[in-house]
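Below: sequence and its predicted model.
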Amino acid sequence: MRGTLREFRSFDRPIQLLQINQAGINLGFYMLMPYLAQHLSADAGLAVWTIGLILGLRNMSQQGMFLIGGTLADRLGHKPMIMLGCALRTVGFALFGLTTALPLLIVAAVVTGLAGALFNPAARAYLAQEAGERKVAAFAVFNVFYQGGILLGPLIGLALLNSGFSVVCLSASAIFAVLTVLQGLCLPARRGPVRKHQPVLRDWRQAFGDRAFVSFAAAMIASYALSYQMYLALPLEVQRLGGGQAGVMALYAVSALLGIAGQVRLTDWCSNRWSRGQAISRGLALMGIAFLPPAAAADLPLPPVWAVLPVFACTLLLTVGTLIAFPFEMATIADMAGDRLIGTYYGLYNLLSGIGILAGNLLSGALVDVARSSGPAALPWVLLTVAGLASAAAVRRLSRHGRLSATGQLPCGVTQAPT
C-alpha cells in the first residue's frame, strides 16, 4: 500500500480528486445495489418480472447512453458531465429510498443509469488527458480506488440495513451529493480539443469508422463477458457447492483486496517488461486460463470444502488477468482517440462492452443451465477459456501489426521519436 500511496501523491490534484471521486462513486453504488432486488421484492412487493424490468432499465439507460455521454463530455467539458452525473445519481438513489410506486421506481432506475453514462466516460477522458504520458500509472491507481469502493460499499450497506433500506438509499444519495459539491469546488474545468462546429454525426462516423479502434473494441468484448462472471457464473457455482452468501461475499472480498494490494506493483512490473499490446493480450490469456480449474474439477466428487477451491482459484487468476490488462487498455483507448475525441471513444467503447456483457451473460447463463440439466458440467468453463484465449490472440495480432497506438510496440515507459 505504501507504493500505491506514493504513486497517488505523485499526481496533480485533479487526478487525485478523480481517483477519490471513483472510490466514492463505487462506495455509494455498492452500498445500495446489492440489496435493491431484495427490497423491491420484500418491501415493495413487486413481482420478479417487474424487478427485472427496473434493473434492466437501469442497465440499459447507462449502457445505451454511454456514447452520448462521451460526446457531451468532449463538447461541453468533462467537469460539467461528472457533476451532472453525480447530481442525477443523488436524485435517483434518494427516489429508491423514498418511494415504492412503480412509475417513480422506473424514473429512479433510468436517472441512475443515465448518471453513470454521463460521469463514466467523462471521468476517464479527464484522467487520460490530465495524466498525459502517465496514463497507465494513473489508471492503475484509479483501479485501486475503484476496488476499494467495491470492497467497502456492500459492508457499509449491510450495516445500515439494520436501520432500514431508506437509510441505505439516503446515505448513498448523500455521498453523491458530497461528490457533486466536491467536483464543483475543487476540480478545474477541462475540455477536449474538439473542432468548432463539427457535427456530432461526423464525430460518431469517425469513431465508428476507425477500423483499428473498432477492431480493438471488438477483440476486448470477450474480456468483459469473462470479468462479469464474477457476478453471474462464479457466485452461482459457489452457492451450488454450498458456500452460501458468505462464500459469495468472500469471493468479492478476495478480488477487491487483491486489486487494492497488487494493482500498482503489478502494473509497474508489466510496464518495465512488456509493451501495451503484450500486457493486454497476456492479461486476457490469463483471464481465459482462469476458468480451467473449475472446468477440471467439474466432474470430480469433491467434498464441499474442497469443491469451492477451484472457484476461488478462478477468481484469483481472473482478477490478476484483469489487473494486468485494465490500465493498459484504458491508456490505449485514449491514445487511439488522439487526445481529441477521448470522451466519444470511451463512450463507444463502453457501449460495445455493454453489448458484450449482455451477450456473454445470455450465453453463459444458457450454458450453465444446459450443463446442469444434461450436458457436460465442464462445458461453460471450457468455452469461457476458449473465448479468453481467442480474445488474447486477436489483441496480439492487432498489436503485432501496429494497430493499437503509435507506441503500441514499445515498452510502456518509452515513446517513439517523431518522424
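Arrived safely, thanks for sending.

and the closest residue to Met330 other than its chain neighbours, what is it in contact with?
Using Cβ to Cβ, 6 or more residues apart in numbering and skipping residues adjacent in sequence, the residue nearest Met330 is Phe139, 4.3 Å away. Every C-beta, even on glycine, is put in place using the N, C-alpha and C of the backbone. Counting by Cβ atoms under 8 Å, 6 or more residues apart in numbering, Phe139 makes contact with 127-128, 131, 326-327, 330-331.

Of the residues you listed - the most surrounded one?
Counting neighbours by other Cβ atoms under 10 Å, Pro327 comes out on top of the contacts of Phe139 with 29 neighbours.

Isn't that residue up against Val144?
No: in this structure, Pro327 is not within contact of Val144 by Cβ atoms under 8 Å, at 10.3 Å.

Sticking with the residue lying closest to Val320 once chain neighbours are set aside, tell me its helix or strand.
Distances taken as Cβ to Cβ, 6+ apart put Leu286 closest to Val320, at 6.1 Å, once the chain neighbours are dropped. Using DSSP states H and E, Leu286 sits in helix 276-289.

Which elements pack onto whichever helix or strand comes after that helix?
Going down the chain from helix 276-289, the next helix or strand is helix 292-297, by DSSP H and E. If you count contacts as 3 or more Cβ pairs under 8 Å, 6 or more residues apart in numbering; DSSP states H and E, helix 292-297 packs onto helix 309-337, helix 379-400.

Select, out of these, the one closest to Leu363.
Of all these, it is helix 379-400 that lies closest to Leu363, at 8.1 Å by Cβ to Cβ.

quick one: average confidence on that closest one?
For helix 379-400, the mean per-residue pLDDT is 94.

distance between it and the chain's centre?
19 Å (Cα atoms, centre = their mean, to the nearest Å).

Give me the angle between that helix and helix 309-337.
Orientation check (axes from the mean of the first three to the mean of the last three Cα atoms, to 10 degrees): helix 379-400 against helix 309-337 gives 30 degrees.

any idea of the angle helix 379-400 forms with helix 276-289?
Calculated by the same axes, to 10 degrees, helix 379-400 forms an angle of 170 degrees with helix 276-289.

Could you check helix 379-400 and say which residues are buried?
Residues of helix 379-400 classed as buried by neighbour count (16 or more other Cβ atoms under 10 Å): 380-385, 387-389, 391-392, 394-396, 398-399.

Mind listing residues that contact the worst-scoring helix or strand of the chain on mean pLDDT?
Within the chain, no helix or strand scores below helix 304-307, which has a mean of 80 by mean pLDDT, DSSP states H and E. Contact partners of helix 304-307, identified using Cβ under 8 Å, 6+ apart, comprise 241-243, 297.

Just the buried ones from those residues?
Neighbour counting with 16+ other Cβ under 10 Å marks 241, 243, 297 as buried within the contacts of helix 304-307.

pretty sure the second one is touching Leu309, no?
No: the criterion here is Cβ under 8 Å, and Gly243 misses it with Leu309 at 10.7 Å.

Okay, buried residues for the least confident helix or strand of the chain please.
Applying a neighbour-count criterion of 16+ other Cβ under 10 Å, one finds Ala307 buried in helix 304-307.
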